[in-house]
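S.K.: give me a model of this one.
(2 chains)
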Amino acid sequence: GAVVSQHPSWVICKSGTSVKIECRSLDFQATTMFWYRQFPKQSLMLMATSNEGSKATYEQGVEKDKFLINHASLTLSTLTVTSAHPEDSSFYICSATDQNSPLHFGNGTRLTVT
Amino acid sequence: GNSVTQMEGPVTLSEEAFLTINCTYTATGYPSLFWYVQYPGEGLQLLLKATKADDKGSNKGFEATYRKETTSFHLEKGSVQVSDSAVYFCALSGGYNKLIFGAGTRLAVHP
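M.R.: You can find the predicted model right below:
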């Protein structure tokens, strides 16, 4: 069964609103979670690395004020897309690890901003 | 910096055909190499991996050998099935489980 659950699987929102995506590790404690963005027919681009209890580390070119990441517990990380615009429409995928096991990926969230 | 280059798709094959998807990498040090598969509407699943030179990763009939001399990690399968239709991503580990992905290769297998 799935060891990383991502919710929602798809969401449509209006331009200017904020959207929160959750990533949960179901049967292990995820000390580190990663957030990726995937454009249609393209690869996954790492957005940020989040360690439990500390601030996320963002990749170059990713706006930290636009993509808010919180990793307050060992089983949950959230990505909030603030003031979303149509160009933020994408497929967002999280992955999680407890450092002793391979990465596990969520099933992704398709965000459409109208 | 580290990077992964894989052949562009789509790759279209008939069932039972032989599959090769090329992947080459550029990296400092000795990264681990991975192949991930993404089925439509789903997240990524680890298909196989290799952690050092000359290692061969294998799973579900797929194989890939870590070739340091050619900096390659080509994915092969002797006889593909319709159910193998998916997008395949080659990736390397940049340390701390931080993965760098290739652009992905879409495989379509027809009966």
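S.K.: count the neighbours of B:Leu47 for me.
M.R.: The local packing of B:Leu47 (other CB atoms under 10 Å in any protein chain shown) involves 20 other residues. C-beta: built from backbone N, CA, C; applies to glycine.
S.K.: and the pLDDT for it?
M.R.: The predicted local distance difference test score for B:Leu47 is 96.
S.K.: and A:Ser95, how far from A:Glu22?
M.R.: 14 Å (CB to CB, to the nearest Å).
S.K.: higher neighbour count, these two?
M.R.: A:Ser95 (25 against 17).
S.K.: point out where chain A drops to low pLDDT.
M.R.: For chain A, residues meeting the criterion pLDDT under 70 lie at A:1-2.
S.K.: residues of it that sit close to chain B?
M.R.: Contact residues (CB under 8 Å from any CB of the partner chain) of chain A with chain B: A:4, A:6, A:32, A:34, A:41-44, A:46, A:49, A:93, A:95, A:97, A:99, A:102-103, A:105-108.
S.K.: packing partners of the particular helix or strand that has B:Thr24 in it?
M.R.: Using DSSP states H and E, the element containing B:Thr24 is strand B:23-26. In terms of contacts (3 or more CB pairs under 8 Å, 6 or more residues apart in numbering or on different chains; DSSP states H and E), strand B:23-26 is packed against strand B:3-6, strand B:33-38, strand B:86-93.
S.K.: need the residue closest to the centroid of chain A.
M.R.: Nearest to the centroid of the C-alpha atoms of chain A, with distances taken as CA atoms, centre = their mean, sits A:Trp35, at 4.0 Å.
S.K.: number of residues surrounding the nearest residue to that residue once chain neighbours are set aside?
M.R.: Nearest residue to A:Trp35, sequence neighbours excluded (CB to CB, 6 or more residues apart in numbering or on different chains): A:Met47, at 4.6 Å. When neighbours are counted by other CB under 10 Å, A:Met47 registers 24.
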